[in-house]
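Using only what follows, build the 3D model:
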Amino acid sequence: MSNEPLKFGLIGGIAGLVLGGAANYFIIPVPVDALANGIGNGITGFISGFAAGFLGLTMYIKESMKATD
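Modelled structure (predicted):
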């Protein structure tokens with residue numbers, strides 16, 4: 001079994017971490033109560049999860065298509 005999916009997932013996860021952190025720092029203000037904190041965490045979780053999955057999958061598909069050529 002190849003380690004390529006793990007490598008691409010890790011790269012995607014790091015990209016998601018950076019994008020989620022940037023969203024927390026620049027876009028979502030400091031929460032004033034627990035509800036705002038929960039909503040902010042949900043939004044940044046969605047952003048970072050989507051970015052990690054999308055970038056990791058895109059890189060894996062690109063590399064697997066290159067390998068078949």
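
where are the low-confidence patches of the chain?
Within the chain, the segments meeting pLDDT under 70 span 1, 69.

So which residues of it form helices?
Secondary structure of the chain (DSSP state H): helices at 4-22, 34-68.

so can I have a markdown table of those showing distance to residue 28?
Just so you know, the C-beta spots here come from the backbone N, C-alpha and C atoms, and that holds for glycine as well. Shown next, in a markdown table, are the helices of the chain (distance: least, C-beta to C-beta, whole Å):
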| stretch | distance to residue 28 |
| --- | --- |
| helix 4-22 | 10 |
| helix 34-68 | 4 |
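
Comparing those helices, which stretch has the densest surroundings?
helix 4-22 (a mean of 16; mean count of other C-beta atoms under 10 Å).

Just the angle for that one relative to helix 34-68, thanks.
Relative orientation of helix 4-22 versus helix 34-68 (axes from the mean of the first three to the mean of the last three C-alpha atoms, to 10 degrees): 150 degrees.

which helices and strands sit right next to helix 4-22?
helix 34-68 (3 or more C-beta pairs under 8 Å, 6 or more residues apart in numbering; DSSP states H and E).

and the helix it packs on, what other elements does it pack with?
helix 4-22.

what about the helix it packs on, distance to the chain center?
Taking C-alpha atoms, centre = their mean, to the nearest Å, one finds the center of helix 4-22 at 5 Å from the center of the full chain.

got the contact list for that helix?
With C-beta atoms under 8 Å, 6 or more residues apart in numbering as the test, helix 4-22 has contacts from 44-45, 47-57, 59-60, 63.
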